[in-house]
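K.L.:
Got a sequence here, can you model it:
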Amino acid sequence: MYLSSLCLITILASTTLACGEVCILNFRNSISCFLNWPIVAMLKGWRHLCDRKVMRWSLAAHDICFTNKIHSYFFMMGKCIPVVRGAGVEQEAIKFCSEKLCEGQWVHVFPEGLVNMTQEPMRIKWGVGKLVWDSPIEPIVIPLWHVGMEKILPNTPPYRPRTGQKVTINVGDPIQLSGLLHSLRSSQTDMVGARKAITDEIQDKLLALQPITEKLHLEWTYGRS
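P.N.:
Next up, the predicted model:
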């Protein structure tokens, strides 16, 4: 596994969450149903996976991850929040994420809203912009792009994890939204317009990581430091 940028690691190491003064919103492209916990473990170590006090909250599809009591309990223990795809930005899952950001916690979302099996650029969901706009604390917004995750857990049968695959994870720099937020508030932009403007900015920054990460993925070979 090749990891580019120590941005998120540094922020998690230096930031005291749950203090009500700082919160983190991060997101990544989704090209596989492979769980995001290995990424968290690689980025910050197993403490952020085993200690619920510092573990991230994450949206998870209710019709995939919460289909029975066993699955529901498993994902609940991993601080996953059941989101109903197609139910809009006013649903309880988005409101819950907003509450967690207000409390100064770490929230992870899959902005595309589904597994992008074609890997073509997709419009990200407005819920991302809503989370930023509604938060009284400006979140530290961190994009992440990865390549090769679908090789670990393919999107076609047989759905079995595979070892020895090459994965590249590129953590982008925090997205600076202060200027945009100030401009939107000064111009008294309506709620829908503000969400769209914020989402557009975040989408541009996320998609900008794609060619960089793909280039790193091609250049990287096992054993290279």
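K.L.:
OK, contacts around residue 122?
P.N.:
112, 116 (Cβ atoms under 8 Å, 6 or more residues apart in numbering). Bear in mind the C-beta positions are built from the backbone N, C-alpha and C, glycine included.
K.L.:
In terms of helices and strands, where is it?
P.N.:
Secondary structure from DSSP states H and E places residue 122 outside every helix and strand.
K.L.:
pLDDT wise, what is it at?
P.N.:
As predicted, residue 122 sits at a pLDDT of 78.
K.L.:
neighbours of residue 183, just the number please.
P.N.:
Residue 183 is flanked by 12 other residues according to other Cβ atoms under 10 Å.
K.L.:
helix or strand right after whatever helix or strand it lives in?
P.N.:
Assigned by DSSP H and E, residue 183 belongs to helix 178-186. Using DSSP H and E, the helix or strand that follows helix 178-186 in sequence is helix 191-219.
K.L.:
What strands line up against the strand ranked longest in the chain, and which way round?
P.N.:
Longest strand of the chain, by residue count under DSSP state E: strand 140-147. Applying DSSP bridges to the sheet, strand 140-147 is found paired with strand 24-28 (parallel), strand 168-171 (antiparallel).
K.L.:
Which one of those lies nearest to residue 111?
P.N.:
Residue 111 lies closest, by Cβ to Cβ, to one member of the strands paired with strand 140-147: strand 24-28, at 4.7 Å.
K.L.:
what's the angle between the closest one and helix 191-219?
P.N.:
60 degrees (axes from the mean of the first three to the mean of the last three Cα atoms, to 10 degrees).
K.L.:
what's next to the longest strand of the chain, contact-wise?
P.N.:
7-8, 11, 15, 22-29, 31, 39, 132, 167-175, 177, 202, 205-206, 209-210, 212-214, 216-217.
K.L.:
likewise stretch 77-92?
P.N.:
By Cβ under 8 Å, 6+ apart, stretch 77-92 touches 37, 52, 55-63, 65-66, 75, 93-94, 96-97, 113-114, 125-127, 130, 195.
K.L.:
on that earlier part again, what comes up buried for the helix holding residue 183?
P.N.:
By 16 or more other Cβ atoms under 10 Å, the buried positions in helix 178-186 come out as 180, 181, 184.
K.L.:
next one: stretch 89-102
P.N.:
Those would be 89, 93, 94, 96, 97, 98, 100, 101, for stretch 89-102 by 16+ other Cβ under 10 Å.
K.L.:
The first one should be in a helix, yeah?
P.N.:
Okay, so that is residue 89. No. In this structure, residue 89 is coil, not part of a helix, as judged by DSSP: H, G, I helix; E, B strand; the rest coil.
K.L.:
Show the backbone phi and psi for it.
P.N.:
phi -80, psi -10 (degrees, to the nearest 10).
K.L.:
Now residue 145: closest residue in space that isn't a chain neighbour?
P.N.:
residue 209 (3.7 Å; Cβ to Cβ, 6 or more residues apart in numbering).
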